[in-house]
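K.L.:
Here's a sequence, model it:
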Amino acid sequence: MPTLRSIDNGLLNKAPCFILHKHPYKERDLLLELLTLEYGRLRAICRLGKSAQLRNNALLQSFVPLRLTLFKGRGELYNVGEIRQEGAAFKIAIPNLFCAQYLNEILYKLCHEEESIPELFGIYLKTLKLLEQGVTPHLPLRLFESVFLKNLGYALDVCDNQGHAFLDNSLYTFDVRNGFALSLDQSLDCYQGAILNKIALGDYASPEVLVALKRLHSQLLQMLLDYKPLQSHKLYSQYLSLQEI
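P.N.:
Modelled structure (predicted):
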């Protein structure tokens, strides 16, 4: 896999990427959090001179496929040189837009910097396409989370903590540190063995399996996020509240 240290003179020439997040930087510049195909998540400064300010502001948006020339200045951060759009921006309607924002947020907060993960870039692109098409997001999000957690080193180990397959009619608890354990207390927040066996086989056809997988992924992601709330979840909750008025 390519690494930043393999690039001559600190130049990344026309790197395919998406903007995950951006912040104001100094007076008129932007600090971009990027997901790149070959070099993972990078941070780069975009200088917004007067001549290019309007054009660059229009391009530097979420869900716009870009090719950027990045180069190292005096500091540790990369600088943005040439900016080129690669194809049409994804036009994702509400409520799927909140799902796309969720992807950007967890990538920005949890993805390791300067680590090449082409598989993750690919599943991100595929998920955006499905969300743009208006596909019900439950399955695409769970598949994305599976790839994401695997590449973070937290792939879901779907067997009990003794390494055994699950008993279909038994109940199991899940702990993010210790995995699955047989439960004799039905009042606990448990998972049915039959559902867990389907997850182990990659059989996500039933709604019950997707609900269980969402809960399991949520437990792992919350731990990785240090149990801090996601802004995308807050925005979605506010949207749902408005729909009830």
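
K.L.:
only C-alpha atoms for contact and neighbour calcs from this point on.
P.N.:
Fine.

K.L.:
Spit out the contact partners of P24.
P.N.:
Each residue near P24 by CA atoms under 8 Å, 6 or more residues apart in numbering is listed here: 30-31.

K.L.:
Now do the buried residues in the strand or helix carrying it.
P.N.:
Secondary-structure element containing P24, defined by DSSP states H and E: strand 11-25. Judged by neighbour count using 16 or more other CA atoms under 10 Å, the buried positions of strand 11-25 are 11-12, 15-22.

K.L.:
I'd like those residues as a markdown table, with distance to Y102 appended.
P.N.:
Formatted as a markdown table, the buried residues of strand 11-25 follow (distance: CA to CA, whole Å):
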| residue | distance to Y102 |
| --- | --- |
| L11 | 30 |
| L12 | 27 |
| A15 | 23 |
| P16 | 21 |
| C17 | 18 |
| F18 | 14 |
| I19 | 13 |
| L20 | 10 |
| H21 | 11 |
| K22 | 15 |
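
K.L.:
tell me which of the residues you listed is nearest to K228?
P.N.:
Taking CA to CA as the measure, K228 lies nearest H21 of the buried residues of strand 11-25, at 17.7 Å.

K.L.:
do you know how far the closest one is from L42?
P.N.:
Taking CA to CA, to the nearest Å as the measure, H21 falls 11 Å from L42.

K.L.:
Are there residues contacting both of these two? Which ones?
P.N.:
Listed contacts common to H21 and L42 are 33-34; contacts here mean CA under 8 Å, 6+ apart.

K.L.:
tell me which helix or strand of this structure sits lowest on mean pLDDT?
P.N.:
The helix or strand of the chain with the poorest confidence is helix 53-59; it has a mean of 67 (mean pLDDT, DSSP states H and E).

K.L.:
I'd like the next helix or strand past that one.
P.N.:
Following the chain from helix 53-59 toward its C-terminal end, the next helix or strand by DSSP H and E is strand 66-72.

K.L.:
Help me confirm that D185 is found in a helix?
P.N.:
No - secondary structure of D185 (DSSP: H, G, I helix; E, B strand; the rest coil): coil, not part of a helix.

K.L.:
All the strands of the chain, in order from the start?
P.N.:
11-25, 29-36, 40-46, 66-72, 78-85, 171-175, 179-183, 191-192 (DSSP state E).

K.L.:
quick one, what contacts G87?
P.N.:
Applying CA under 8 Å, 6+ apart, we find G87 in contact with 64-65.

K.L.:
before we move on, back to that, for E105, find the nearest of the strands of the chain.
P.N.:
strand 11-25 (7.1 Å).

K.L.:
Just the angle for the closest one relative to strand 40-46, thanks.
P.N.:
Computed by axes from the mean of the first three to the mean of the last three CA atoms, to 10 degrees, the angle separating strand 11-25 from strand 40-46 equals 70 degrees.
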